[in-house]
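Q: Generate a structure from the sequence data that follows.
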Amino acid sequence: MGPTSLIVVQYLLPDLMKNPERRPSFVEARFPAHVVDAVAKQVRHYDPDYCIVEGVYLSQISDRLLLEGQKVAVDLHNIESALQQDIDRVRYGWRAGLLYRRRWALASEAERRLAAKAHRVWVCSSHDAASLLALGEVQTPIDVVPNPVPPWCHDHDHNHAHRSRPVSEIHALFVGHLGYAPNTVAVKRLVKRIFPGIRTAHPAAKLEICGRTPPKWLKKLLSGQPSITLVANPESLAPSYERASVALIPLTEGGGTRLKILEAMALGVPVIATKKAVEGLDVVPGQTFLEAETDADFVEACTRLTEQPALWKRLADQGRAFAVANHSQAVLNQAVHASLAADT
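A: I've put the predicted structure just below:
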């Protein structure tokens, strides 16, 4: 659509690796005045048609640009106020409301205010659009801009290998940032409860955990377990998906688009996941993935895939078709173009 410029706010901080203090809402950063001034100065220099601001975390930046008369679209890759409540409730149970109710209210108000002031808001799913509207008083146009399947997933050699793979043995895979709390909760459940059940039913089964920055406790948990492999900080995810016969995703918290699900589907790896894990994706249980909620559900679903090759192939083919049709780069480009063209 034309030239673009990227301003990385972190580069303007004194310590590139240190996150700034957060506001009481917790979902917003509190930046030093000179950082906000520096961003505004760069934006004035570029004189853009539109500014895309990444999330409520940068609300100070968005407020300043709006004050200076810039057109701003806020890209909400998560509804952070809802995500934080979700994480707190899973982690602290009934105590969460007592501990964090005020913070939840401030986070919801921060996100509502930001969305109400912007010229447009981008969200990654219709589910997130509904969550944002539920905050109230948001008249700003909301556009669904879906996250795309990463380009490397379109390698035809990988896709062909998965569609023709025999599934007599289970090689389960979990992919995710292992420094992200919702993922570590899912991995702990997978290692301690779900996979032992799979091994009881299928003694030759293997499990691979793949992701960045695994904590020390996870490394210790997996040490001495020959049936489980930890692939830390991989340069490429392709080898892990090539080995996989099924992707297990027992998430109970989190938000945004589950790129791990889209990657697996695009590569023809059948997915077994919780309802929470596919939240925001228009996927149908039994057609594009198998839904499992309890530990026993995951074991039973793995057994079905092993014993029913036709089901395995149907899920692999229909999952890939879904990812290509709904989360390709072309679909993303069309959504961005339509959003910006509507406001010029």
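
Q: Going by C-alpha atoms from here, please, whenever you check contacts or count neighbours.
A: Will do.

Q: residues of stretch 296-313 that come out buried?
A: For stretch 296-313, burial by neighbour count (16 or more other CA atoms under 10 Å) applies to Asp297, Phe298, Val299, Glu300, Ala301, Cys302, Thr303, Leu305, Thr306, Leu311, Trp312, Lys313.

Q: List the residues that contact Arg22.
A: Residues counted as contacts of Arg22 (CA atoms under 8 Å, 6 or more residues apart in numbering) are Glu28, Ala29, Arg30.

Q: just those residues now: which is nearest Gln10?
A: Looking at the contacts of Arg22 and their distance to Gln10, the nearest is Ala29, at 11.3 Å (CA to CA).

Q: ok, what's across the strand from the closest one?
A: In this structure, Ala29 has beta-bridge partners Arg22, where bridges are defined by DSSP bridges.

Q: neighbours around it, how many?
A: A count of nearby residues for Ala29, using other CA atoms under 10 Å, gives 19.

Q: one step back: filter the buried residues of stretch 296-313 down to just the ones in helices.
A: Secondary structure assignment by DSSP state H places Asp297, Phe298, Val299, Glu300, Ala301, Cys302, Thr303, Leu305, Thr306, Leu311, Trp312, Lys313 of these in helices.

Q: how near is the first one to Trp312?
A: Computed as CA to CA, to the nearest Å, the Asp297 to Trp312 distance reads 16 Å.

Q: Please apply the same query to the third one.
A: Separation of Val299 from Trp312 (CA to CA): 15 Å.

Q: Any stretches of this protein with poor pLDDT?
A: Judged by pLDDT under 70, the chain has its weakly predicted residues at 16-17, 155-168, 255-257, 344.

Q: can you map out the strands along it?
A: With DSSP state E, the ranges of strands along the chain come out as 51-54, 72-76, 120-123, 142-144, 171-175, 206-211, 228-232, 246-249, 271-273, 290-291.

Q: Among the ones you listed, which comes closest to Arg103?
A: With distances scored as CA to CA, the stretch of the strands of the chain nearest to Arg103 is strand 72-76 (19.0 Å).

Q: Please identify the pairing partners of the closest one and their relative orientation?
A: Taking DSSP bridges as the criterion, strand 72-76 pairs within the sheet with strand 51-54 (parallel), strand 120-123 (parallel).

Q: Next, the buried residues of the last one.
A: Spelled out, that is strand 120-123. By neighbour count, and taking 16+ other CA under 10 Å as the criterion, the buried residues in strand 120-123 are Arg120, Val121, Trp122, Val123.
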